[in-house]
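> Can you look at this prediction? I've put the sequence above it.
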Amino acid sequence: MSLLVPCPNCGPREFTEFSYGGETKARPKPDAPIEKLAEYLYVMRNASGTQQEWWYHRAGCHSWFLARRDTVTNKFLDSYWPEDSRRVR
Amino acid sequence: MTERIAAAAGEAIDRRRPVSFFLDGTPAQAFEGDTIGSAMAAAGVMVTGRSFKYHRPRGLLCMSGACANCMVRVDGVPNLQACQTPVRAGMRVRRQNGLPSVDFDLLRAVDRFSVFFPPGFYYKSFYRPRFMWPVAEPFIRRAAGIGEPPDRDLEWRDYEAATLHRDVLVIGGGPAGLGAAVEAARAGARTVLVESEPALGGRLRFTRPAEAERLSAEVVEAGVEARTSTTAFGIFEDNLVAAAGPAGLVRIRPRKIVVATGGLEQPLWFGNSDLPGVMLAGAAERLIRLYGVLPGRVAVVLTGDDRGYECERMLVEAGARVTVLDWRKGAVPIRAEGGKQVRALVAREHGAERRRECDLVVMAGPVVPASGLLAQAGAKSRYDEFLQAFVPDALPDRIEAIGTVTGRGSFALPEVVATKAKTFACLCMDVTTKEMTTSVEEGFDSIELLKRYTTLSMGPCQGKSCLAGCVRYAAALTGRSVPETGVPTSRAPWRPVELGLLAAEHFEPRKESPLHECHQDLGAVFIWAGEWRRPKQYRETSDECRAVHERVAIIDVSTLGKFRVRGAGAVELLERLYPNRYGDLKVGRIRYGAMLNDQGVIIDDGTVGRLAENEFFVTTTTSGADAIDQWIKWWMADWRLDAQVVNVSSSYAAINVAGPRARDLMGRLTDADVSAAALPYLKLAQAEICRVPAMILRIGFVGELSYEVHFPSAYAVHVWDSMLAAGADLGILPFGLESQRILRLEKQHIIVGQDTDALSTPNGAGLGWMVKLDKDDFLGRAALADDAARGLQERLVGFKVDSGGLPLEGAALVSAGRPVGRVCSSRWSDSVSAFIGLAWVPVEMAGEGTPLVFRSGGAIVAARVHLKPFYDPDGARLRS
């Protein structure tokens, strides 16, 4: 692993500066059945292809952002803030 | 051969500066600029080491770091390439793999009985009968392997790691690489060039030294950052290039990579071609032109192109008698003869065998592209029928290749003539043509299987001097074409690298409190607490604990995580982050809380104080401060509540003042009313202390009346010193982490991470009271609701030891011979006069007084469950 992560604030930086937050998921509603919680916590889509995921610039601007990455080629398509219209919920 | 020939232009050695070193314990002479390899050649030492399996004598082969023949042990470090390692005064060089010595090796017998070492012999032999294995194993271990582990008492060496961001990186300082670097730099690109040899010029250094010098000067003039003695050994994602430099690891992240790694000379295949004195043309040329060493007086040059004749000229000029055998003219080598050095070469010339006496055989054979780095980067290769070699074809984005690496010259080889003498395919791993044949017959006929079964190309050179030939030979054995046979995958490292280099400097943060120097002055013993250096103790912990219990003492808690949370959505944020309720917390009050994740597991604990209607002061543990910062920011990013969270961990210093006389001390430091009525337990005040604006929190971890004072860290030393001075007559002492750990254990206050793990829920940890399942939602709510329905399995309880001493942290709780729980904290307590601790036990063993048996190391410890705090069980002192 040596990829560069595109921080929307700081630009491309070494991935060792970041924490990976995993693929984005919708947290179940409080009254959802427990199976939904188990799915949320333990079951990953593990997409083969483009995936929206969380990244945190731990050794940089200390911001969480979203990035789209192709999990096959390990190339980033783009990155944006959580309030961006590109965000897929 | 023990003398140098006349000096030539452009030589690498400085004859005015002799250097002496030790070779196998004997003093040896060399010149500044010599490598260990050239110094050995100059000293007439032909055998540079013994081979991996058969312990055959080996000598200099490539002189360019592309083979493993000359690996030696230098000052206790094994497996350094002699031809690449500069001679330093006083260095101790030992040749490797000889028993008892490289010149007289008893294990040479292995060579004579190699019939017992067929390919995969470790799968086939010694396997049965089983009882023979203990007999065979030490022998195999002694006989096999390359070098021995480094000396235990090696001097510590720090490897540096540097990272370079550049526009263009050129790998290889030969004519092609130099040209590319100059052009890139002149076009305005920030250009760095790495070259594994100590000087630029590549082959030009010994063929046309004036040209090499001219090009090197041009590179400097163009502003190229040229790094010699620096070897690129891997290309990784997003154009990250790893290189081994003189000081350590160099990570280079260029926009564009130009690969100009040139070619690799390939040895020819004939019987005993591994004898010392049989070497590649480049090696002979380097020895003559760079180091002034004539490698032999009577030479046979084997060639199939013009290179052989260039080499002949060089040898003749240096004073050797030379015969050229050109296989285009029907002269094919069959075998070399000799013991520790070549004595003769037998070749088929014009249909008849002819033996020629000689002391040097030069192989001026084919050159294949040195394309290993390109292949790592994902370049495809194609088989070029004309060149008879694989050449790089489709290159990845942002990577270019120029020069010999793209395929130059022909890879035509003479036929391999069958002979009784061992004909080596892979020198590093001692694999012969016969072994390849056997393996293919046994069914290992794909190149990947053949490689793994015979271990060909898996030695230190990683196939640089054998793979091209092996692929071709395998193709002939299997009746397939060369492209059908293919080449095995190329992986980093392209050149051998020291392990220390890979472990080079990774930043290890070290955090110090603003009071660090005060602690030093007070004689504190420090320990690591996560990334922090914290005082463990200043004196005997019993003295420190007594000061807390009987008088007053202070501890530096600046390392705590501290946050200010404000805004209209502040309450909502805290309600979601914590299982407790914060909407009903009155201004000026404090509530203890633990944070959970959505699994319902405790991830941190601390306090929340309400400073104003929409403003809170939150503290976290020391070790969790960064993680919780990240955690809160994540949910803030997702929830988008109308709240601001400011991490003030390093802006505020904090000191805890504890003990029955704490109030007396506080009264001397502040005008604020710190009486029990005005500032009771779990209340906070914002006031000046020692004339510094501060927050005073009536909370405590150690079980006595205590005040936690937070204030701007710039005043840390002033406040700390003022406290110690003002409390001198009260018998004040500073106390450290170890005393704090004893004191909190007496109170059974938990430490998240010490007493909890990735499965600990609030109910199990005795914090069930804080969980408000009737709240709409909070992190962990759904999991805890489900947990409540299932019932509890384990509980965290206190225990007091009856006999057996101190159970170690981590010791197992044993019941009916099985481990059923574990000790997480344990200490001796003076106040209790017993060993006490906290342990996770099954719920059925969690009743007051239940006997517990711990197995700690070899000892058996008997204890009893003790549910209430050992000290001040009702909390009267804490609340006083």
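Received, thanks. The structure displayed is predicted, hence computed values, not measured ones.
> number of nearby residues for the residue nearest to residue B:641 when sequence neighbours are not counted?
The shortest distance from residue B:641 to any non-neighbouring residue, by CB to CB, 6 or more residues apart in numbering or on different chains, is to residue B:569 (3.6 Å). Every C-beta, even on glycine, is put in place using the N, C-alpha and C of the backbone. Using other CB atoms under 10 Å in any protein chain shown, residue B:569 has 19 neighbouring residues.
> show me the residues around residue B:569 that make contact.
Counting by CB atoms under 8 Å, 6 or more residues apart in numbering or on different chains, residue B:569 touches B:641, B:642, B:643.
> Show the contacting residues for the second one.
Listed by CB under 8 Å, 6+ apart, the contact partners of residue B:642 are B:567, B:568, B:569.
> likewise the first one?
Going by CB under 8 Å, 6+ apart, residue B:641 touches B:567, B:569, B:572, B:573.
> Phi, psi for it please.
Main-chain torsions, residue B:641, degrees, to the nearest 10: phi -80, psi 160.
> That one and chain A, how far apart?
12 Å (CB to the nearest CB, to the nearest Å).
> what's the answer for the last one, then?
Spatial separation of residue B:643 from chain A under the definition CB to the nearest CB is 15 Å.
> who's in contact with that residue?
Counted by CB under 8 Å, 6+ apart, residue B:643 has contacts B:565, B:566, B:567, B:568, B:569, B:570, B:572, B:573, B:636.
> Close to chain B: what parts of chain A are there?
A:1-4, A:14, A:19, A:21, A:27-28, A:30, A:32, A:34, A:37, A:40-41, A:54, A:56, A:58, A:62-65, A:74, A:81-83 (CB under 8 Å from any CB of the partner chain).
> just the buried members of those residues?
Among the residues of chain A next to chain B, those buried by neighbour count (16 or more other CB atoms under 10 Å in any protein chain shown) are A:2-4, A:14, A:21, A:27-28, A:37, A:54, A:56, A:63-65, A:82.
> who are the neighbours in contact with the residue nearest to the spatial centre of chain A?
Here the mean C-alpha position of chain A is nearest to the C-alpha of residue A:53 (CA atoms, centre = their mean), at a distance of 1.6 Å. The contact partners of residue A:53, by CB under 8 Å, 6+ apart, come to A:20, A:21, A:22, A:23, A:24, A:66, A:67, A:68, A:69.
> still on that earlier bit, now, the contacts of residue B:641 that are in helices?
Counting by DSSP state H, the contacts of residue B:641 place B:572, B:573 in helices.
> May I ask which two of the contacts of residue B:641 are separated the most?
B:567 and B:572 (9.4 Å; CB to CB).
> so the residue of the stretch 601-750 of chain B found nearest chain A, which of the three states?
Nearest residue of the stretch 601-750 of chain B to chain A, counting by CB to the nearest CB: residue B:637, 4.0 Å away. Secondary structure assignment for residue B:637 (DSSP: H, G, I helix; E, B strand; the rest coil): helix.
> Same check on residue B:676?
coil.
> Go ahead and confirm it touches residue B:880.
Yes. Between residue B:676 and residue B:880 there is a contact under CB atoms under 8 Å: 6.7 Å.
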